[in-house]
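Novice: next come a sequence and a model predicted from it.
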Protein chains: 2
Amino acid sequence: MTNKDARTPASAQNSDREETAEAGKSIGWHKAYVEGTRPDLRVPVRQVHLTNGQSVTLYDTSGPYTDPLVDTDVRRGLAPLRENWITARGDTEEYAGRPVRPEDDGIKHTAPRGGLRNLDAVFPGRPRLPRRGREGRAVTQLAYARQGEITPEMEYVAIRENVAPEVVREEIAAGRAVLPANVNHPETEPMIIGKRFLVKVNANIGNSAVTSSIEEEVEKMTWATRWGADTVMDLSTGRNIHTTREWVLRNSPVPIGTVPLYQALEKVDGRAEELTWEIYKDTVVEQAEQGVDYMTVHAGVRLAYVPLTANRKTGIVSRGGSIMAAWCLAHHRESFLYENFEELCEILAAYDVTYSLGDGLRPGSIADANDEAQFAELRTLGELNTIAKRFNVQTMIEGPGHVPMHKIKENIDLQQEICDEAPFYTLGPLTTDVAPAYDHITSGIGAAMIAWWGTAMLCYVTPKEHLGLPNRDDVKTGVITYKIAAHAADLAKGHPGAQEWDDALSDARFEFRWEDQFNLALDPDTAREFHDETLPAEPAKTAHFCSMCGPKFCSMKISQDIRREHGGSRAEIEEGMAQKSKEFAAAGNRVYLPIAD
Amino acid sequence: MTNKDARTPASAQNSDREETAEAGKSIGWHKAYVEGTRPDLRVPVRQVHLTNGQSVTLYDTSGPYTDPLVDTDVRRGLAPLRENWITARGDTEEYAGRPVRPEDDGIKHTAPRGGLRNLDAVFPGRPRLPRRGREGRAVTQLAYARQGEITPEMEYVAIRENVAPEVVREEIAAGRAVLPANVNHPETEPMIIGKRFLVKVNANIGNSAVTSSIEEEVEKMTWATRWGADTVMDLSTGRNIHTTREWVLRNSPVPIGTVPLYQALEKVDGRAEELTWEIYKDTVVEQAEQGVDYMTVHAGVRLAYVPLTANRKTGIVSRGGSIMAAWCLAHHRESFLYENFEELCEILAAYDVTYSLGDGLRPGSIADANDEAQFAELRTLGELNTIAKRFNVQTMIEGPGHVPMHKIKENIDLQQEICDEAPFYTLGPLTTDVAPAYDHITSGIGAAMIAWWGTAMLCYVTPKEHLGLPNRDDVKTGVITYKIAAHAADLAKGHPGAQEWDDALSDARFEFRWEDQFNLALDPDTAREFHDETLPAEPAKTAHFCSMCGPKFCSMKISQDIRREHGGSRAEIEEGMAQKSKEFAAAGNRVYLPIAD
């Protein structure tokens, strides 16, 4: 098992069976499951079938959508895979929950629907009461790990990562990894984020005041996970925030992250100074009850740090950071997030929501990288990490931003030191500011490097960064670019099994197994399309050359000819060539004698 | 002066004046020249005019095509900028030259056109006799530099690089930099390749037996240089090789590189074993007379190294390398390139052709990186580098290939050590094998890193790598990706002035000067297009928000509001905020008291 991606037909639902079946045929892979110690623990993988009879197993994030035997329906939602595991632990309880209010969806001046929970209006699928930890019970994966318990979730990720379950438990217990799994998101297929494991990729979706719809966001989520997104953040800021999130959660096979501050700000009509701890807290509960698995909290933006940004080239570029800075200055008070951090920990612990401690003061330009403001906040994040752990809240730390290559290592080394090796979750970083429209690339460079050096999860950047909202193609480009960065880092870290994937593809390349090359590619569709652009004919798929050099010139063919002429198997060739080499060595090993100068 | 690119209209010729003029207007930049110590030494730059009245000067590779005052015509070729400099030195002479033969263009079984030089048939522009060094005269930039002479070419690049001419001379004299400038390519605008200077990018073009035409290749060359290619390699392998090259050279403002072995192989109808030193040598003279500035020579592929590739995953993937390996094995003899290397040095020295010592045994997969075969060849390249320097031939060394991130540094460190810091010229390297169709990105990651660590020139990789021949869009994507890698490296190396470009763009971003952002972008067209996709209206170009967050939510706007409310200038803001900060510090600097645990 090496790594993942999810090459699939365009349709978001495989109720469209014809397309799936047809695609499956031409694709040369199928969805398979690895069973754990219990029958309801089945870990999905993508099994690629090669034309030489072998097969390669890849990590799979695409969820039930790519299983032709599962009948999915976005209006019904996914099956609650983890429900029995959660209830069997007996440490959580259902309760009435917070009523859903019109303002949760950004609708003002409407008669409230009263105090009754009205989930049906939000999502047509099966109604479910929210669940939380019973009084006095610690229900987070961190708490279980510390108690020495290997949960089904931990076993699941151990199979996915091809490591022993005890390794998973240890890394979580030590705070070096998180397993984001809100008790109210039973649909999620467990995954782990930590430097000891495969590097993960997050894709952001979310409507804004300017554009986009609920359907588009759900579709973007399934699309992103099909190409390999390990988690998805819903950063919606416009209307229908609550409802969009509900649809996304009920249909998401991967953990969902949010920034509750965005929704809280909507509730005060965009006026940062009107935010209160109460409004924020209520929003966190609202989202925790829906099942959000991790939340970005900008509690490190303290009043005293705001002046540190005054001489910056680009000030504060994090939305959450700038909102909190505006609030702090307007009231000339310490951040309410920082002041109420312990209470927030109690809430997150009750649902097993994971902290993603936001870097609200991250640099937005090369000039501002690794400055005083950024590192002041980082030290506070380290302090908050320690507090969160006391409350058994799983915690990761967000990172920059814009950082030139030579400052990246300092950045992650400091984060690892200050935050006791808590998982680093970085945006990029972008290694130059000069290429808007190509920031998936400027940041993909930084992402690969920082992941090699220890970042556990990479937040993708799309070509639209700084310019507009990503569409479907941009989401795909962003995910693929970041899967490349993540896999390059897995290779560089020597992750066990990571290279098998490269080896399988390179073998196929050397042996001119074009179909296998396509099927093993991170993006088989585009690889096939590019090949067919120059040589579309079907025989070209088995041809021992390609359009780059033409039939007379192929270096791989010449290499193969050499092997063929000098023996059948590699061993024979080697012996034959080695023999010649020996004769050559015996003759002095030099025909050309360089003149001593 | 920071770095370069060449944002231009689509047309390859600016005889299409209307388009140029119109584009120039909307683009907000113009072509300017910096004069040297003599009136015929004018270094082109791209002057970007910002809406705040400032301007930014960028390196410019686009040649006379982007100067509306120059009337270019591809049938006539570019003006011979360096001709007077070359003739004034008085150390070269014109001579009859080698007759052009039908087989030079891959045409067999045709009555030869006789012994007369017939350039007119090859290129309609002004006929010119080839030139070479007079008997006993050393006419290379290396020879001049060693003699302490600062040539006009050296002064030209000193202005381009914003360094003292003496620095240029020293780096060339020490062999740490090359200035490729064949005496028969007077059209070239001098540029320098060395780790002390801006990282350069090469774009490959070239027709093959399967596809493409002369016009397309010339057009690809001008297109590539417009987006920032510093050199272009013509890797044609099909028919019309000689004629294509002539057209490319006569119209190229950048140095042109080739692999003479490809054409030599065409002359023996693709049968490697029929190659001879005589055919090869004749081809080198043919190309040197045309004006090729640097040549890849695979003289490091020695007979004894071929068996070292037997156990490789992907054997030999360099075309030149596999041809030489096939020849060596077929004859069971040492490489004729290795055996005749000194004679080859004499030829190259006579025209000031620069060596690009090819890495014929470079790895073609992650599995084969940094292996015995690769490093055995590298040691031989070091040996050949020493010999070339004895003949005053400028020399660079080619590098891999496919290399995972953690093996890149070892690779370049070894090259620098073995080859006395001769400029490294690397293809990528690709950091994973699993993403065909995205190898500009898999390799862009490696390229940025290896350039940071000292590679002087990067050979671009396009999305079509491994799959097909690049078209116009692929060439652009490849060049832009590699300009990003090169500039990211310039930043990381702390190249003087490199960050000015990023700073100018980030200032424009923070101040919502959208037009300036576009004009400063590496690819203004795409940046503008992406922005307009979501917010096409003209007022959006001056709006203080974008479609990502919408009007209520912009973090940059909030940052600016903070500044506005707390003072006018940055200094005032800082003072105001610092004052508040002091009050805060006086109050203990902590509102939230973390509990000791």
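Specialist: Yep, it's here. Residues are numbered from 1 along each chain as shown, chains lettered A, B, ... in the order given.
Novice: hey, let's count contacts and neighbours off CA atoms from now on
Specialist: Noted.
Novice: would you map the helices across the stretch 401-550 of chain A?
Specialist: A:408-418, A:439-452, A:472-492, A:498-510, A:514-520, A:524-534 (DSSP state H, counting those that start in this stretch).
Novice: give me whichever of these is most buried.
Specialist: Scoring the helices of the stretch 401-550 of chain A by mean neighbour count under mean count of other Cα atoms under 10 Å in any protein chain shown gives helix A:439-452 as the most buried, with a mean of 30.
Novice: elements contacting that one?
Specialist: With contacts taken as 3 or more Cα pairs under 8 Å, 6 or more residues apart in numbering or on different chains; DSSP states H and E, helix A:439-452 sits against helix A:408-418, strand A:424-427, strand A:457-459, helix A:472-492, helix B:439-452, helix B:472-492.
Novice: which other helices and strands contact the last one?
Specialist: Same thing as helix B:472-492. Using 3+ Cα pairs under 8 Å, 6+ apart as the test, helix B:472-492 ends up in contact with helix A:439-452, strand B:200-205, helix B:214-226, helix B:439-452, helix B:498-510.
Novice: mean pLDDT lowest where, among the ones you listed?
Specialist: With a mean of 89, helix B:214-226 has the lowest mean pLDDT of the helices and strands packed on helix B:472-492.
Novice: now tell me what touches that helix from outside.
Specialist: B:5-8, B:12, B:61-63, B:203, B:205-207, B:231-232, B:240, B:243-244, B:247-248, B:251-252, B:254, B:472, B:475-476, B:479 (Cα atoms under 8 Å, 6 or more residues apart in numbering or on different chains).
Novice: so how far is that helix off the chain centroid?
Specialist: Counting by Cα atoms, centre = their mean, to the nearest Å, helix B:214-226 is centred 14 Å from the centre of its parent chain.
Novice: with just CA atoms, put that helix into CSV.
Specialist: Provided in CSV are the C-alpha atoms of helix B:214-226 (Å, rounded to 0.1, in the frame of the first residue of the first chain):
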residue,chain,number,x,y,z
ILE,B,214,10.1,24.5,-39.6
GLU,B,215,7.6,27.3,-39.0
GLU,B,216,6.3,25.8,-35.9
GLU,B,217,9.8,25.4,-34.4
VAL,B,218,10.8,29.0,-35.2
GLU,B,219,7.5,30.2,-33.7
LYS,B,220,8.1,28.0,-30.6
MET,B,221,11.5,29.6,-30.2
THR,B,222,10.2,33.2,-30.3
TRP,B,223,7.3,32.1,-28.1
ALA,B,224,9.5,30.5,-25.5
THR,B,225,11.8,33.5,-25.3
ARG,B,226,8.9,35.9,-24.9
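Novice: what residues of it count as buried?
Specialist: B:I214, B:E217, B:V218, B:E219, B:K220, B:M221, B:T222, B:W223, B:A224, B:T225, B:R226 (16 or more other Cα atoms under 10 Å in any protein chain shown).
Novice: could you dump the helices of the stretch 401-550 of chain A into JSON lines with distance to A:I193 added?
Specialist: Shown next, in JSON lines, are the helices of the stretch 401-550 of chain A (distance: least, Cα to Cα, whole Å):
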{"stretch": "helix A:408-418", "distance to A:I193": "14"}
{"stretch": "helix A:439-452", "distance to A:I193": "12"}
{"stretch": "helix A:472-492", "distance to A:I193": "12"}
{"stretch": "helix A:498-510", "distance to A:I193": "16"}
{"stretch": "helix A:514-520", "distance to A:I193": "25"}
{"stretch": "helix A:524-534", "distance to A:I193": "27"}
